[in-house]
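Visitor: Would you be able to build a 3D model of this:
(one chain, ligands or ions: 1)
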Amino acid sequence: MLNVHILVGTMTGIAQLVAQEIELAFAGPELGIDVAFMDALDRRVFEQPGVFLICTSTYGQGDVPDNAKAFYADLGACRDSLAHVHYGVFALGDSTHVGTYCFGGKRFDEVLSARGARRIGEVMEHNASGGTLPEDVAIEWFPQWLQQVCAALAADPAVAAANAGHPGD
Ligand SMILES: Cc1cc2nc3c(=O)[nH]c(=O)nc-3n(C[C@H](O)[C@H](O)[C@H](O)COP(=O)(O)O)c2cc1C
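Guide: Numbers count the residues shown, from 1 in each chain. Purely as a prediction, here's the structure:
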C-alpha cells in the first residue's frame, strides 16, 4: 500500500480544504492518505515511509503561511540529506501578486530539492484569480500526479520496497 502524506500550509483554510478533498476522493485500501498541518512539523516528518505532497498557500510578500514558517526554517537549517524523500507540490497563490506568484510552494520546492529530495511532477500552481476552485483543480490533477509517483517508485525498487510498508500493514 502506498501512503501519501499531505502537509498543509494555510492561513484561511483553503489549502486545508484542498487536502481534505483529495483525501476524501482518493483514499482507499490501496492508497493511504493523511493530512497534517505544518504547525508542529520538522524534518523528522520525512522519516516515515511514503511520498509527500506539499500543499501550501503564499502570504505577505511571497512568504510561506504563518503555520508553515517554523517547518520551512527547520528545513532551511537542515544539513541532512533528504535524498530518500519523494514529494510533489500543490501551490496556492494569486497572480495579482506579480513577482511572488505561488512563492510559498516554490520556496518549499527549493528547500527540499536543495537537500536532495526528489520532486515528482511539476509544481502545480493554483491561481485564486483564475476563475477555478482549487479543490476542483486538485481533484483533476491528483490522479495524473499519482501515476507519476507510481512510475518514479517503480523505477526505483529500493524506494518501492521502503514505501510498501511492512507485510500486514
Ligand atoms: C495578505 C495576502 C497576501 C498574499 N500574498 C500572496 C503572494 O505574495 N503571492 C501569491 O501568489 N499569493 C498571495 N496571496 C494569495 C493566497 O495565497 C491565496 O488566496 C490562497 O488561495 C490562500 O489560501 P489559504 O486560505 O490556504 O491560505 C495573498 C493573499 C493575501 C490575503
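Visitor: Residue numbers of the protein in contact with the ligand?
Guide: Contacts of the chain with the ligand, taken as Cβ under 6 Å from any ligand atom, map to 10-15, 57-62, 65, 92-94, 97, 100-103, 128. Every C-beta, even on glycine, is put in place using the N, C-alpha and C of the backbone.
Visitor: Could you give the average pLDDT over the helix or strand residue 145 falls within?
Guide: In this structure, residue 145 sits in helix 134-154 according to DSSP states H and E. What helix 134-154 shows for mean pLDDT is 97.
Visitor: what's that helix packed up against?
Guide: Under the contact criterion of 3 or more Cβ pairs under 8 Å, 6 or more residues apart in numbering; DSSP states H and E, the helices and strands touching helix 134-154 comprise strand 2-9, helix 14-26, strand 51-56, strand 86-93, strand 124-127, helix 157-163.
Visitor: In the chain, what residue lies closest to the ligand?
Guide: Distances from the chain to the ligand, computed as Cβ to the nearest ligand atom, single out residue 93 as the nearest residue at 2.4 Å.
Visitor: In the helix or strand that residue 35 is a member of, which residues are buried?
Guide: Here residue 35 is covered by strand 31-37, with elements defined by DSSP H and E. Neighbour-count burial for strand 31-37 flags 32, 33, 35, 37 (criterion: 16 or more other Cβ atoms under 10 Å).
Visitor: Stretch 100-111 too?
Guide: Using 16+ other Cβ under 10 Å, the residues of stretch 100-111 that count as buried are 100, 101, 102, 103, 104, 105, 106, 107, 108, 109, 111.
Visitor: and which of the buried residues of strand 31-37 is nearest residue 44?
Guide: Ranking the buried residues of strand 31-37 by separation from residue 44, with Cβ to Cβ as the measure, puts residue 37 on top at 15.4 Å.
Visitor: circling back: list the ones among the buried residues of stretch 100-111 that fall in helices.
Guide: Applying DSSP state H to the buried residues of stretch 100-111, the entries found in helices are 103, 104, 105, 106, 107, 108, 109, 111.
Visitor: Just name the shakiest helix or strand of the chain by mean pLDDT.
Guide: Lowest on mean pLDDT, DSSP states H and E among the helices and strands of the chain sits helix 157-163, with a mean of 62.
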